[in-house]
Structures are given as structure tokens and as C-alpha cells.
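Participant: coords below, sequence missing:
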């Protein structure tokens, strides 16, 4: 969506700039042509460039960082027999408590973990156990009888 908007804005700016340039010898004053050129040509081209550049540079880095933390936290959960607390994540990963809790809550939203509460009120994030190697070898298709 941002990409299409960027190309559309640049195309609009180029089209309008051509119109302003073609009217330079006419009855319009310099100030009016300069204003029209900046407002209808330079501004849309700048906006289009920002739309095209802004989305491509930040997104892959954020996604790579998020995937790296997901992998790290899943490995930590496996070492902790499928259960994690915010305190364990803070102790074993370079995350502050708020970020650790946000990542763990995101696992719950995606259905990879669920919230559990101990008798003394501590929140535990329980991850689904991975099937054993034997269970993987004997797995059957969804439609198999």
C-alpha cells in the first residue's frame, strides 16, 4: 500500500512539474509558478520518496531482531521444560522486564503459549510441548484413517 502510494505521489509530482514548466512563458508571475512548482511538484515527489524509503529500511531489521528473540525464548522455554516466567527471561536474556513480558504475551496471542498462575500468584507462560522424535516418525496425515 505504501509502495503504490509512493509511486503515485512521484508520478503526480512529475506530471504537475511538467505542467508548471510548460507554463513558464505565459501570463503567470514568477512567484505563482515557484509556489505551484514547490507545492505540486517538489512536495509530492518528496512524500513519495519518503513512502518508498521509509518502509523498506526499518522493517527487515525489526523482523530479524524479533525472529532472533523468538528463537532464543523458545530455546530457553525448552531448557525450562516448557515454562517461563518474566524473571527467568530477564535473568537469561538481555531484556528489561517490560519487553520480556511483551514478548511472552505475544507468544500467547499467537497461540504458542498460554498464561498460567501459580498458587502464590506468579504468572507462568506455558509453551506447548514439542512431540518426541518417535511421535514425529509415527505421525499420520490429517485425512488418513
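Facilitator: Good, I have the coordinates. In this text the structure is predicted, and so the values were computed from the model without any measurement. Residues are numbered from 1 along each chain as shown.
Participant: please make it C-alpha for all contacts and neighbour counts, starting now.
Facilitator: OK.
Participant: quick one: residue 81 is in a strand?
Facilitator: No. When classified by DSSP: H, G, I helix; E, B strand; the rest coil, residue 81 is found to be coil rather than part of a strand.
Participant: give me phi/psi at it?
Facilitator: Phi and psi for residue 81, reported as degrees, to the nearest 10, are phi 60, psi 40.
Participant: helix/strand/coil for the residue of the chain most remote from its centre?
Facilitator: Farthest-out residue of the chain from its mean C-alpha position, per CA atoms, centre = their mean: residue 27, at 50.7 Å. With three-state DSSP as the basis, residue 27 sits in coil.
Participant: can you pull the contacts of it?
Facilitator: Counting by CA atoms under 8 Å, 6 or more residues apart in numbering, residue 27 makes contact with nothing.
Participant: what about it, distance to residue 74?
Facilitator: 70 Å (CA to CA, to the nearest Å).
Participant: likewise for residue 98?
Facilitator: Residue 98 sits 18 Å away from residue 74, taking CA to CA as the criterion.
Participant: tell me which of these two has more neighbours.
Facilitator: residue 74 (19 against 11; other CA atoms under 10 Å).
Participant: wasn't that one part of a helix?
Facilitator: Yes. Counting by three-state DSSP, one finds residue 74 located in a helix.
Participant: pLDDT value on it, please?
Facilitator: On the pLDDT scale, residue 74 is placed at 91.
Participant: likewise residue 67?
Facilitator: At residue 67, pLDDT is 88.
Participant: which element is it on?
Facilitator: Following DSSP states H and E, one finds residue 67 within helix 43-79.
Participant: can you get me the centre-to-centre distance for that helix and its chain?
Facilitator: On the basis of CA atoms, centre = their mean, to the nearest Å, helix 43-79 is displaced by 5 Å from the centre of the chain it belongs to.
Participant: now do stretch 41-54
Facilitator: Mean-position distance between stretch 41-54 and its chain equals 21 Å (CA atoms, centre = their mean).
Participant: quick one: mean pLDDT over that stretch.
Facilitator: Rounded mean pLDDT across stretch 41-54 is 86.
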